[in-house]
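A.B. asks: mind looking at a prediction? Sequence and model below.
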Amino acid sequence: LLGSLQATRALMVAAILLGLVALFVAVTGMKCMKCMEDDQVKKMRMAVFGGVIFIIAGLAALVATSWYGNRVARAFYDPFTPVNTRFEFGSALFIGWAAASLAMLGGAFLCCSCPRRETSYPPTRGYPKNAPSTGKDYV
């Protein structure tokens, strides 16, 4: 096989494996899981880390499908390619592009659950100081 075809296959396999790893990492960071429930910040960081891995997996799938799509388009418009050996865009390319887009979108949503650096308690307000009592403040 051509080197570019082997590279696109390797990128798709890497994207699938990274997607599985991201799935397991992100599941441990979900709020409904009992794993690591004592430290919510670490749990949220696990979800964000899973989101980053999802984005990387989506980029790998996007590069692989776009690279192969470019190869198909070049061969289709090449005048020296015989008519009976020309490929067209198939459903696998469109599924690959959709899967890559959804993986990156899901990873971005997981990354949006990033914990803040400090807690968001309301700011403390000082109590107003009253004037000293003269003893005649009764009703």
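C.D. replies: Yep, it's here. The structure presented is a predicted model; accordingly, all values stated were derived computationally and were not measured.
A.B. asks: helices of the protein, start to end?
C.D. replies: Counting by DSSP state H, one finds helices in the chain at the ranges 3-28, 40-77, 91-111.
A.B. asks: any idea how far the second one is from the chain center?
C.D. replies: In this case it means helix 40-77. 9 Å (Cα atoms, centre = their mean, to the nearest Å).
A.B. asks: buried deepest among the helices of the chain, which one?
C.D. replies: Of those, the one with the most neighbours on average (mean count of other Cβ atoms under 10 Å) is helix 40-77, at a mean of 18. Placement of C-beta: from N, CA and C, glycine included.
A.B. asks: distance check, residue 71 against residue 36.
C.D. replies: 44 Å (Cβ to Cβ, to the nearest Å).
A.B. asks: what of residue 94?
C.D. replies: From residue 94 across to residue 36, the span is 38 Å (Cβ to Cβ).
A.B. asks: in this structure, which residue is closest to the centre?
C.D. replies: Centroid-nearest residue in the chain: residue 107, 1.3 Å away (criterion: Cα atoms, centre = their mean).
A.B. asks: so what's that one closest to, chain neighbours aside?
C.D. replies: Counting by Cβ to Cβ, 6 or more residues apart in numbering, residue 107 lies nearest to residue 54, which is 3.1 Å off, once chain neighbours are set aside.
A.B. asks: the one you found touches residue 101, doesn't it?
C.D. replies: No - counting by Cβ atoms under 8 Å, residue 54 does not reach residue 101; the two are 11.7 Å apart.
A.B. asks: relative to helix 91-111, how tilted is the helix or strand of the chain with the lowest mean pLDDT?
C.D. replies: Least confident element among the helices and strands of the chain, by mean pLDDT, DSSP states H and E: helix 40-77 (a mean of 93). Interaxial angle of helix 40-77 relative to helix 91-111 (axes from the mean of the first three to the mean of the last three Cα atoms, to 10 degrees): 160 degrees.
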